[in-house]
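Chemist: Predicted model and sequence follow; I will ask about them next.
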Amino acid sequence: MEILVRKPTEKEAAEMKSNLVWTCEVSEFDWYYDKEEICLIIEGEVTIKYGSKSVSFAEGDYVVFPKGLLCVWNVKSRVRWFWLLPH
């Protein structure tokens, strides 16, 4: 199980900008993904730990969280992103 982090295509970026915006202040918390989720980071920096792995992402990154992921979020600076639950 992997978290995908990359730069979005122009089409993906345009599509994401019509979705919900989620905001989180500096914090650390456990999270479980019962569905695949996609986000486009607007601002901030986050490191996520899962199993023996970790991944970091920041402004401009397109992130795909797989269904079934159990992880720990470490929000290093206030983060905002466009958020989408695929159908």
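Modeler: Okay, I see it.
Chemist: Quick one, grab the pLDDT at His87.
Modeler: Per-residue confidence (pLDDT) for His87: 58.
Chemist: What about the nearest residue to Tyr32 once chain neighbours are set aside, how many residues nearby?
Modeler: Spatially, and ignoring its direct neighbours in sequence, Tyr32 is nearest to Leu70 (5.1 Å; C-beta to C-beta, 6 or more residues apart in numbering). (Each C-beta comes from the backbone N, C-alpha and C, glycine too.) Neighbours of Leu70 under the rule other C-beta atoms under 10 Å: 11.
Chemist: Can you pull the phi/psi pair for Leu70?
Modeler: Here is the backbone geometry of Leu70 (degrees, to the nearest 10): phi -110, psi 130.
Chemist: For it, give me its contacts.
Modeler: Residues near Leu70 by C-beta atoms under 8 Å, 6 or more residues apart in numbering: Asp30, Trp31, Tyr32, Tyr33, Tyr50.
Chemist: Tell me the spacing between it and Asp61.
Modeler: Going from Leu70 to Asp61 by C-beta to C-beta, to the nearest Å gives 21 Å.
Chemist: and what of Gly44?
Modeler: Taken as C-beta to C-beta, the span from Gly44 to Asp61 is 10 Å.
Chemist: and if you look at Leu4?
Modeler: Per C-beta to C-beta, Leu4 is found 10 Å from Asp61.
Chemist: Tell me which of the two has more neighbours.
Modeler: Remark: of Leu4 and Asp61, Asp61 carries more neighbours, 19 against 12, as counted by other C-beta under 10 Å.
Chemist: from memory that one sits against Val5, does it?
Modeler: Yes: the criterion here is C-beta atoms under 8 Å, and Asp61 meets it with Val5 at 5.4 Å.
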